[in-house]
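> how would this look folded up:
(one chain, ligands or ions: 2)
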Amino acid sequence: MSRPILTAEQMRAAEAAAIDAGIAETVLMEQAGRALAEAVRLYAGPRETLILCGPGNNGGDGYVAARFLKNAGYTVRVAALAEPTADAAKWARGQWDGPVESFAAATEAPIIIDCLFGTGLSRGLEPVVAERLLLLVDKALVAVACDLPSGVASDDGTLLSAIGNYDLTVSFGALKPAHRLMPAMSRMGRTVLADIGIDPGADWFEIERPDLPSLDPAGHKYSRGLVHCLAGQMPGAIVLAATAAAKSGAGYVRVSTSLPISGLPSSVVQSGGADLQDERIGCILVGPGLGDVPPVLTLALTAPKPIVIDADGIGLVGDPERLHGHDVILTPHEGEFGKLFGKLEGSKAERALEAARRSQSVVVYKGPDTLVAAPDGRLGFAPPAPAWLATAGTGDVLAGMIAAMRARGLEAFDAACAGVWLHGRAAEAAGPHMIADDLLEAIPSVL
Ligand SMILES: NC(=O)C1=CN([C@@H]2O[C@H](COP(=O)(O)OP(=O)(O)OC[C@H]3O[C@@H](n4cnc5c(N)ncnc54)[C@H](O)[C@@H]3O)[C@@H](O)[C@H]2O)[C@H](O)CC1
Ligand SMILES: [K+]
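Ligands and ions are numbered 1, 2, ... in the order given. Here you go, the predicted model:
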């Protein structure tokens with residue numbers, strides 16, 4: 001089951017709905033604090049623990065966790081930034097029977113649990129608070145964030161204050177966009193989601209292992225999916241993309257090229273012509289190594305077929321509305337995105353959805369935080385992928401993987417999510433010194 005992702009406002013609405021359905025806010029808080037304590041026991045082990053409590057419900061979770069950890073035999077200290085202002089937090093504070101130190105005087109501890117601020121953070125931390133928190137987190141053996149590291153903007157992943165690196169982040173009910181958007185994503189450590197009994201019902205979610213169509217014993221190479229690639233001026237890119245499509249399980253990969261291309265697997269068919277009306281085609285791939293050849297994109301768009309437009313192909317689209325009525329998956333990186341869609345407002349999540357709406361296409365908005373957006377509002381957030389993916393040709397490989405998933409019968413949004421997820425795992429399998437060619441060899445091991 002994919003982990004749901006909600007903005008702070010959506011989270012508050014889900015919590016309010018649960019409260020309307022009869023689940024008291026203190027029960028939600030008790031569930032959250034218990035889950036936080038359980039995660040600390042599981043991932044951090046029995047060490048002296050300092051819990052930093054803020055004035056709101058994030059702090060409330062901390063008082064509840066303190067009680068559970070103390071009952072589990074932990075040596076627990078609680079330091080408060082301020083007395084609780086929220087009702088549920090006041091209740092939780094009242095349930096804590098131990099002393100409460102002042103945050104300003106709190107001394108370091110092996111385990112730090114940051115319960116200062118969560119989704120209610122509305123501005124940067126006071127500098128003196130940010131500084132002290134940073135010191136306590138840096139000195140800790142294990143730094144744990146309650147819901148979010150304090151200082152992170154929950155909806156767009158920006159850092160409103162300088163924050164440290166956490167080992168564990170425990171979130172409740174649903175992940176927040178910040179858990180899967182840079183730069184915040186890189187500070188979370190292991191991100192754990194606890195069910196506290198609310199129904200998130202989200203259109204936004206974290207992409208997880210795809211459910212790939214099984215092979216039909218009575219099938220043949222065409223039913224496994226034919227990917228037709230259109231080569232351009234730089235053949236190396238299409239070699240990576242076509243090979244990736246073949247390695248990703250497409251039954252037949254064909255490359256239209258005016259000149260023979262060396263380096264393609266012999267199973268990939270090269271042809272001089274480009275009969276795109278061939279009804280056996282499952283997906284067309286255009287763009288890798290295309291160069292500035294607009295007619296090739298125009299040709300691709302004449303075919304009534306699913307199409308992946310990548311790299312140079314994106315630069316040739318012109319007006320996103322040109323893609324309306326077609327079945328397109330776009331795979332832009334930041335620069336290609338800006339060139340096609342111009343300057344859009346909002347978080348990366350909102351920009352991805354706006355682009356999908358304008359182009360009426362599935363948009364794979366690549367980066368260290370890759371998003372997959374559909375015109376109907378679905379938004380997939382990729383789990384963290386290795387930084388070593390930032391090397392030439394890995395985008396060509398991704399385009400080929402997505403085209404194969406599309407040709408194998410996944411609908412466009414699912415095919416894009418599948419390709420993105422598998423691409424990240426293949427990079428993990430290939431290891432830190434990989435180049436795009438090594439990524440190809442790793443694909444079969446993750447399918
Ligand atoms: N609501 C529920 O049923 C549950 C909430 N959970 C936890 O609650 C937090 C969200 O709590 P909230 O009270 O809305 O806000 P915070 O605790 O994040 O912030 C506290 C409070 O602080 C003020 N404030 C905001 N920014 C600053 C700042 N830079 N400096 C000083 N003060 C600031 C503002 O007034 C805030 O209201 C959520 O993250 C969960 O941890 C549980 O999940 C259980 C259910
Ligand atoms: K926090």
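> so where is the stretch 51-200 of the chain shaky, pLDDT-wise?
Within the stretch 51-200 of the chain, no range satisfies pLDDT under 70.
> Can you tell me which residues in it are near ligand 2?
Proximity of the stretch 51-200 of the chain to ligand 2 (Cβ under 5 Å from the ion) is limited to residues 58, 114, 118, 146, 150. For every residue, glycine as well, the C-beta is placed using N, CA and C.
> Among those, which are located in strands?
Members of those lying in strands (criterion: DSSP state E): 114, 146.
> among the residues of the stretch 51-200 of the chain next to ligand 2, which are within reach of ligand 1?
Taking Cβ under 6 Å from any ligand atom, the overlap between these and the neighbourhood of ligand 1 is 58, 118, 146.
> Next, residue 76: phi, psi?
Torsion angles at residue 76 (phi, psi; degrees, to the nearest 10) stand at phi -120, psi 130.
> And the ones next to ligand 1 among the residues of the stretch 51-200 of the chain next to ligand 2, which is closest to residue 320?
Residue 320 has its nearest neighbour among these in residue 118, at 36.6 Å by Cβ to Cβ.
> Pull the number of nearby residues for the closest one.
With neighbours defined by other Cβ atoms under 10 Å, the count for residue 118 comes to 28.
> Does it touch residue 57 like I think?
Yes - when contacts are counted by Cβ atoms under 8 Å, residue 118 is listed as touching residue 57 (7.2 Å).
> any chance you could map the strands in the stretch 101-250 of the chain?
In the stretch 101-250 of the chain, strands defined by DSSP state E, counting those that start in this stretch lie at 111-115, 142-146, 168-172, 190-194, 204-206, 226-230, listed in chain order.
> Would you format those strands as a markdown table with mean neighbour count and distance to residue 213 included?
What follows is the strands of the stretch 101-250 of the chain, written out as a markdown table (neighbours: other Cβ atoms under 10 Å; distance: least, Cβ to Cβ, whole Å):
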| stretch | mean neighbour count | distance to residue 213 |
| --- | --- | --- |
| strand 111-115 | 29 | 44 |
| strand 142-146 | 27 | 39 |
| strand 168-172 | 26 | 32 |
| strand 190-194 | 18 | 28 |
| strand 204-206 | 22 | 21 |
| strand 226-230 | 29 | 15 |
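> for those, which one sits closest to residue 400?
When those are ranked by distance to residue 400, counting by Cβ to Cβ, first place goes to strand 226-230 at 7.4 Å.
> Which strands and helices lie in contact with the closest one?
Using 3 or more Cβ pairs under 8 Å, 6 or more residues apart in numbering; DSSP states H and E as the contact definition, the elements that strand 226-230 packs against are helix 235-247, strand 252-256, strand 281-286, helix 294-302, helix 394-407.
> Show me what from the protein comes close to ligand 1.
15, 25, 28-29, 32, 54-59, 61, 86, 117-126, 146-147, 172, 196.
> Selecting buried members of those in ChimeraX, what would you type?
Command for ChimeraX that selects the buried part of these, burial taken from 16 or more other Cβ atoms under 10 Å:
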select :15,25,28,29,32,54,55,56,57,58,59,61,86,117,118,119,120,121,125,146,147,172,196
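> quick one: which of the residues of the chain next to ligand 1 sit in helices?
For the residues of the chain next to ligand 1, membership in helices holds for 15, 25, 28-29, 32, 57-59, 61, with DSSP state H as the criterion.
> Using JSON lines, please lay out those residues together with distance to residue 70.
Compiled in JSON lines, those are given as follows (distance: Cβ to Cβ, whole Å):
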{"residue": "15", "distance to residue 70": "26"}
{"residue": "25", "distance to residue 70": "23"}
{"residue": "28", "distance to residue 70": "21"}
{"residue": "29", "distance to residue 70": "17"}
{"residue": "32", "distance to residue 70": "17"}
{"residue": "57", "distance to residue 70": "20"}
{"residue": "58", "distance to residue 70": "19"}
{"residue": "59", "distance to residue 70": "17"}
{"residue": "61", "distance to residue 70": "15"}
